[in-house]
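**Student:** Prediction below, plus the sequence it came from.
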Amino acid sequence: PSQSTSPRASSQNPGSKPAERPRLSESEKKSNHIASEQKRRMAIREGFDRLTELVPGLEGMGRSESVVLQKTVEYIRKNLEEEQELRRRVRELGISVEQMKAEGIQLRTRVISTQKSLW
């Protein structure tokens, strides 16, 4: 018989067999699989619920997963575009983002106040 190279087997006396766990019956396997699948589905459901709370325009809507994903992607893209635009405007005004972070001022607030002072 071949010897196992697992840490558990190698730490035992040579020649002794590791303790075997009893095999699960088919009904136990099925029950475990069902429980795992329910847990997975619950985690997905909770994730979609969280997205409906975070993404504007999804509150109170029926929860079509495709709609939630589509609206979430649109929201993220819009925010990324806005962030890029704000960073571009900040560079144009000669203010470094790092400098503002060090001062504890939020990016959007600083850009708006700087623009107002230019007018």
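**Tutor:** Perfect, thanks for sending it. Numbering: from 1, shown residues only.
**Student:** Let me know the average pLDDT across stretch 42-55.
**Tutor:** Averaged across stretch 42-55, the pLDDT comes to 92.
**Student:** Please save the CA atoms from that stretch in PDB.
**Tutor:** Output in PDB follows, covering the C-alpha atoms of stretch 42-55 (Å, rounded to 0.1, in the frame of the first residue of the first chain):
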ATOM      1  CA  MET A  42     -28.900  33.900   0.000                       C
ATOM      2  CA  ALA A  43     -25.500  35.600  -0.400                       C
ATOM      3  CA  ILE A  44     -26.300  36.600  -4.000                       C
ATOM      4  CA  ARG A  45     -29.700  37.900  -3.000                       C
ATOM      5  CA  GLU A  46     -28.200  40.000  -0.100                       C
ATOM      6  CA  GLY A  47     -25.700  41.400  -2.600                       C
ATOM      7  CA  PHE A  48     -28.400  42.500  -5.000                       C
ATOM      8  CA  ASP A  49     -30.400  43.900  -2.100                       C
ATOM      9  CA  ARG A  50     -27.400  46.000  -1.000                       C
ATOM     10  CA  LEU A  51     -27.000  47.300  -4.600                       C
ATOM     11  CA  THR A  52     -30.600  48.400  -4.700                       C
ATOM     12  CA  GLU A  53     -29.900  50.400  -1.500                       C
ATOM     13  CA  LEU A  54     -26.700  52.000  -2.900                       C
ATOM     14  CA  VAL A  55     -27.500  52.800  -6.500                       C
END
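**Student:** Identify the residues contacting it?
**Tutor:** With CB atoms under 8 Å, 6 or more residues apart in numbering as the test, stretch 42-55 has contacts from Leu58, Glu59, Met61, Arg63, Glu65, Val68, Lys71, Thr72, Tyr75. In this view, the C-beta of every residue, glycine as well, is placed from N, C-alpha and C.
**Student:** tell me the contacts of the second one?
**Tutor:** Same thing as Glu59. For Glu59, the contacting residues are Thr52, Glu53, by CB under 8 Å, 6+ apart.
**Student:** Assign it to helix, strand or coil.
**Tutor:** Taken by DSSP: H, G, I helix; E, B strand; the rest coil, the conformation at Glu59 corresponds to coil.
**Student:** quick one: it and Lys71, what's the gap?
**Tutor:** 11 Å (CB to CB, to the nearest Å).
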